[in-house]
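Asker: Test case, fold it:
(one chain, ligands or ions: 2)
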Amino acid sequence: MDAISTLQSWLDDASNIVFFTGAGISTESGIPDFRSPGTGLWTKMKPIMFQDFLASQSVRDESWRRKFDNNSTISSAQPNAGHNAIAELSRAGRLRAVITQNIDNLHQDSGLPDDAVIELHGNASYATCLDCGHRFELDELEGRFQRQGTMPDCEHCTGIIKTATISFGQAMPEQAMSRAQQATTDADLFIVVGSSLTVQPAAGFPELAHHLGCRLAILNREETPLDPIADLVLHEEIGQTLAFAVGLNA
Ligand code: NAD
Ligand code: ZN
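Answerer: Ligands and ions are numbered 1, 2, ... in the order given. Below you'll find the model as predicted:
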């Protein structure tokens, strides 16, 4: 049997499917990933570390400037065939969860209920106060930033306001990590989609699935470090492959 037919039959057999998605599932929606040669964002600028963000107002302002410069790409992006194929499995009652490293909200936009999406790296479509947790909408913050030339602190508690993403150097969100662990334990099919599997501890979940004896499939254009332990590897384009595998036209 060829790889795509194998994936199809595994999808048909499974009733607790867990997807583990990375930036690669959203490139077909026009959001660049980090590591693809040539187009990846890191060929252009270095990420800002959490400790540096906390330590300096000018670093925070630089981070907000980048955010507002790039925000239109993420905020206008729409889910693509890959997101829609996963949403179709959810409607059929066969999805246990999507564990995502993405921060773009596109799984929710494709119709997945909030409780089916486990965000390991947070969400870039809003911001919160790091101390009191108050939620801020980006439009409102952008107005303040443009008027004052700097990002003011939280008016409720004077804490620092940050997008609701997890930066390098910032602690992983405990609740999301434990939900991801539980979903991985429950899975009868674990499918990695569009991740280079180089960011830890996130990439530990497919490893865990494999060690628990769950079928592990990896769908990614390039090789990943976990290809050797996967039960099925597809170096294919995501949208058309997933759409075909779940019986939707891409
Ligand atoms: P990554 O950039 O390290 O890897 C993406 C992988 O997807 C690459 O190996 C690439 O070959 C593959 N890919 C890209 N487009 C594809 C396509 N159409 N079909 C098949 N494969 C394709 O991404 P990562 O592993 O998610 O790690 C990067 C980190 O960056 C994550 O922590 C995430 O939080 C963050 N990030 C998120 C977004 C987003 O939310 N959309 C975008 C950029 C970065
Ligand atoms: Zn506050």
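
Asker: Before we move on, what's the pLDDT of the nearest residue to Asn84 once chain neighbours are set aside?
Answerer: If the residues on either side of it in the chain are set aside, Asn84 comes closest to Ser110, at 5.5 Å by Cβ to Cβ, 6 or more residues apart in numbering. C-beta: built from backbone N, CA, C; applies to glycine. On pLDDT, Ser110 comes in at 98.

Asker: Quick check: phi and psi on Ser110?
Answerer: phi -80, psi 0 (degrees, to the nearest 10).

Asker: which ones are touching it?
Answerer: 79, 83-84, 86-87 (Cβ atoms under 8 Å, 6 or more residues apart in numbering).

Asker: Could I have the buried ones of the residues you listed as ChimeraX selection syntax?
Answerer: To isolate the buried members of the contacts of Ser110 in ChimeraX, using 16 or more other Cβ atoms under 10 Å:
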select :79,83,84,86,87
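
Asker: Quick one: mean pLDDT for the helix or strand where Phe53 lies?
Answerer: Phe53 is part of helix 50-55 when elements are defined by DSSP states H and E. On average, the pLDDT along helix 50-55 is 97.

Asker: What of stretch 130-142?
Answerer: For stretch 130-142, the per-residue pLDDT averages 96.

Asker: Give me the contact list for that stretch.
Answerer: By Cβ under 8 Å, 6+ apart, stretch 130-142 touches 64, 67-68, 71, 75, 125-129, 151, 154, 156-164.

Asker: Can you sort out which of those residues also neighbour ligand 2?
Answerer: Contacts with ligand 2 within these, counted by Cβ under 5 Å from the ion: 129, 154, 156-157, 159.

Asker: wait, is Ile191 part of a helix?
Answerer: No. Ile191: not assigned to a helix; according to DSSP: H, G, I helix; E, B strand; the rest coil it is strand.

Asker: OK, contacts around it?
Answerer: 7, 17-20, 216-219.

Asker: Can you give me the distance of it to Ile160?
Answerer: 37 Å (Cβ to Cβ, to the nearest Å).

Asker: Can you confirm whether the helix holding Phe53 lies near ligand 1?
Answerer: No. Counting by Cβ under 6 Å from any ligand atom, ligand 1 has no neighbours in helix 50-55; the shortest distance is 13.6 Å.

Asker: And the next helix or strand past that helix?
Answerer: helix 57-76.

Asker: name the helices or strands packed onto that following helix?
Answerer: Helix 57-76 is packed against helix 50-55, strand 122-129, helix 138-148, with contacts defined by 3 or more Cβ pairs under 8 Å, 6 or more residues apart in numbering; DSSP states H and E.

Asker: Just the C-alpha atoms of that helix, please, in CSV.
Answerer: Extracted in CSV, the C-alpha atoms of helix 57-76 (Å, rounded to 0.1, in the frame of the first residue of the first chain):
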residue,chain,number,x,y,z
GLN,A,57,11.1,49.2,27.9
SER,A,58,13.0,49.8,24.7
VAL,A,59,13.2,46.1,24.0
ARG,A,60,9.4,45.9,24.7
ASP,A,61,8.7,48.7,22.3
GLU,A,62,10.9,47.1,19.6
SER,A,63,8.8,43.9,20.1
TRP,A,64,5.5,45.8,19.8
ARG,A,65,6.8,47.6,16.7
ARG,A,66,7.6,44.3,15.1
LYS,A,67,4.2,43.0,16.2
PHE,A,68,2.2,45.8,14.7
ASP,A,69,4.3,45.8,11.5
ASN,A,70,3.6,42.1,10.9
ASN,A,71,0.2,41.8,12.4
SER,A,72,-1.8,42.3,9.2
THR,A,73,-0.4,39.0,7.8
ILE,A,74,-1.7,36.9,10.7
SER,A,75,-4.9,38.8,11.3
SER,A,76,-6.1,38.6,7.7
